[in-house]
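Visitor: give me a model of this one.
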Amino acid sequence: MSSTRREFLLTASAVAVGSTLGVAPMTMAAERARVNKGRIFSANKGGGIGGNKEQMVARLKEFKALGYDGIEGGIPGIPDLQALKEAISEVDFPVHGVVDGVHWKDRLSSPDPAVREKGREALVQAIEGCREIGGSAVLLVPGRVTGDDENHDHVWQRSIEEIRKVLPVAEKHKMYVLIENVWNGFCETPEQLRDYIDEIESEWVGSYFDIGNVRKFGKPEDWIRMLGKRIVKLDVKDWGKENGFCRLGEGDVDWPAVREALAEIEYTGWATREGGDKSHEDTVQLMNELLDL
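Guide: Below is the predicted model of the structure:
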């Protein structure tokens, strides 16, 4: 990833934003320098965010008061983009990006060309909608391995073909299309995901790296080092062999090792919590502790 891409993301974040684990006591945490404060920005998934402007303003104010730096939406799902744009300006709180809301159903890897076309059109809609509200990226699951007519090679080839068709739109709006690593039977090694992203050959396609999702297959810190500058945004989860997806810090993710790997690749950008902890207040405190925010 070029320095220009990183600078663009960091600038967009900085404009929008103006404190060992486990559950370490605050007195102990205070002794460790918060090296990522001002470099990594916390957010939570917000979906449609609200049905009208009044609800949107209330939701953004709620998340701002909790201590998050931003929120992430979903398209389709946001009923009034203009209202949300006005709410963002009024509250001075960013929606940093959106999730493609149909990528599991209208898959870019589907054996049906009509389904792929529908998925591609939805991705264009998400890119244009994200640009409208001032976000910087669309999270995309590129497909799913389902069987003989949608195997790993099919997902790889079909999704790349469809993504390349939308690159002119992404380039026009300076919008990232970021591939999330999920439990879809696809790219279950860091080398595979690295090579998949590189084959698309676009500065506007990168990794939306999910820390917890990958723990089932390996160590997040190893993936982070392998993907390097391809990582543009982070999804924040924890997962354990004994307890599945869980409260941050209570799974098998080695958070100090994750911090070390992120420092090595000089990561700056958004870290968005997907899932829940004891409360939003709990989530904010855990993210601050685990990621040095």
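
Visitor: quick check: bridge partners of the closest residue in space to residue 215 that isn't next to it in sequence?
Guide: With sequence-adjacent residues excluded and distances taken as CB to CB, 6 or more residues apart in numbering, residue 215 is closest to residue 239, at 4.4 Å. C-betas here are computed from N, CA, C, even on glycine. Residue 239 has the following beta-bridge partners by DSSP bridges: residue 245.

Visitor: contacting residues around residue 239?
Guide: Contacts for residue 239 (CB atoms under 8 Å, 6 or more residues apart in numbering) come out as 212, 213, 215, 216, 245, 246, 251, 252, 253.

Visitor: ok, now with 7 Å
Guide: Residue 239 sits next to 212, 215, 216, 245, 246, 251, 252, 253 when contact means CB atoms under 7 Å, 6 or more residues apart in numbering.

Visitor: how close does the third one get to residue 289?
Guide: Looking back up the chat, that one is residue 216. 24 Å (CB to CB, to the nearest Å).

Visitor: neighbour count winner among those two?
Guide: A count of neighbours by other CB atoms under 10 Å puts residue 289 above the other of residue 216 and residue 289, at 24 against 14.

Visitor: can you give me phi and psi for the more buried one?
Guide: Main-chain torsions, residue 289, degrees, to the nearest 10: phi -70, psi -50.

Visitor: after the least confident helix or strand in the chain by mean pLDDT, which helix or strand is next?
Guide: Of all helical and strand segments in the chain, the minimum by mean pLDDT, DSSP states H and E falls on helix 26-29, at a mean of 42. Next helix or strand after helix 26-29 toward the C-terminus (DSSP states H and E): strand 40-47.

Visitor: what's the mean pLDDT across the helix or strand just after that next one?
Guide: Next in sequence after strand 40-47, counting helices and strands by DSSP H and E, comes helix 53-66. On average, the pLDDT along helix 53-66 is 97.

Visitor: name the helices or strands packed onto helix 53-66?
Guide: helix 81-91, helix 280-291 (3 or more CB pairs under 7 Å, 6 or more residues apart in numbering; DSSP states H and E).

Visitor: can I get those helices in JSON lines with mean pLDDT?
Guide: Shown next, in JSON lines, are the helices and strands packed on helix 53-66 (pLDDT from 0 to 100):
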{"stretch": "helix 81-91", "mean pLDDT": "98"}
{"stretch": "helix 280-291", "mean pLDDT": "97"}
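
Visitor: my guess is residue 132 contacts residue 86. True?
Guide: No - contact criterion CB atoms under 7 Å: residue 132 and residue 86 do not qualify, at 11.4 Å.

Visitor: ok, now which ones touch residue 217?
Guide: Contacts of residue 217 by CB under 7 Å, 6+ apart are residue 188.

Visitor: can you give me phi and psi for it?
Guide: Backbone torsions of residue 217, given as degrees, to the nearest 10, read phi -110, psi -20.
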